[in-house]
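Novice: Let's see this in three dimensions:
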Amino acid sequence: MSAAGHAALEQALALSDSMLAAAREDRWDAVVELDGRRQPLLHAGHPRDPRSGSLLRQLLERNTELLALAGRAREAAAAALGRHSHAHRALRAYVGLAG
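Specialist: Numbering: from 1, shown residues only. Have a look, this model is predicted:
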């Protein structure tokens, strides 16, 4: 099981790297698709040995970075939505005054 378990974790790590690359390019649809492929690999059994520990630590680091990128993207989207809402209210006020 160790070779197969390590292979699953290594594939999950490679997918995590691809997810990070996609997130850095604001391709969140790709992040979701890649995570769907990654999840079964993470839930597969793996040996409890130093190699697995190292791979799991690397996965945790990638996840931490992904969460930070997602948080920044969420904040940017909220700010853009706020600007849009403000512009929409201003336009309605202008149309109301003109009509």
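Novice: My read is that Ser16 contacts Arg38, right?
Specialist: Yes - between Ser16 and Arg38 there is a contact under CB atoms under 8 Å: 6.6 Å. Any C-beta I mention is one placed from the backbone N, CA and C, and that applies to glycine too.
Novice: what about Leu9, how many residues close to it?
Specialist: Residues lying near Leu9 (other CB atoms under 10 Å) number 22.
Novice: how about the nearest residue to it, chain neighbours excluded?
Specialist: Leu55 (4.1 Å; CB to CB, 6 or more residues apart in numbering).
Novice: how much space between that neighbour and His43?
Specialist: 14 Å (CB to CB, to the nearest Å).
Novice: between these two, who's got more neighbours?
Specialist: In this view Leu55 and His43 are compared by other CB under 10 Å, and Leu55 has more residues nearby, 18 against 10.
Novice: okay, now Ala70: neighbour count?
Specialist: With other CB under 10 Å as criterion, Ala70 counts 13.
Novice: Please consider this matter closed, and thank you.
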